[in-house]
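In: coords please:
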Amino acid sequence: MQERERTMKKFLLLYKGPATPPGASHEGWPEWFNKLGDKLVDRGLPMAHGCSLRGDGSTGDSAMSLNGYSIIQAEDRGEALSLLHDHPYLSLGNEYTVEIFDLG
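Out: Coordinates of the predicted model:
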């Protein structure tokens, strides 16, 4: 009997929290990315200086405190969460979170 091929889903990780100061330590990030191996789709980039565009054409400072993103792949949300249990961003304190979205 042929083994069923695993279906992988992509998950967007949004790093949310207070702005990290310039020159902040990124200790642990390279090791975490390397540990993911082929489950890392896009290591992403930091995000700063966001703004919002409203339906009436007006703009304003970003209401969301997003600091960056990454994209990973996993079989399901449970596996995605297990890949995040030792994410270095979460060690910065309870005000820092990783928001996880299924990209289908």
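In: so which strand or helix has the residue nearest to the spatial centre of the chain?
Out: In the chain, the residue lying closest to the centroid (C-alpha atoms, centre = their mean) is Leu13, at 2.4 Å. Leu13 belongs to strand 9-16 when assigned by DSSP states H and E.
In: Just the buried residues of that strand, please?
Out: When neighbours are counted by 16 or more other C-beta atoms under 10 Å, the buried residues of strand 9-16 are found to be 11-16. Using the backbone N, CA and C atoms, a C-beta is placed for each residue, glycine as well.
In: now these in JSON lines, with distance to Val98 and pLDDT?
Out: Formatted as JSON lines, the buried residues of strand 9-16 follow (distance: C-beta to C-beta, whole Å; pLDDT from 0 to 100):
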{"residue": "Phe11", "distance to Val98": "10", "pLDDT": "98"}
{"residue": "Leu12", "distance to Val98": "10", "pLDDT": "98"}
{"residue": "Leu13", "distance to Val98": "5", "pLDDT": "97"}
{"residue": "Leu14", "distance to Val98": "7", "pLDDT": "95"}
{"residue": "Tyr15", "distance to Val98": "6", "pLDDT": "94"}
{"residue": "Lys16", "distance to Val98": "7", "pLDDT": "92"}
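In: Alright, I will stop here.
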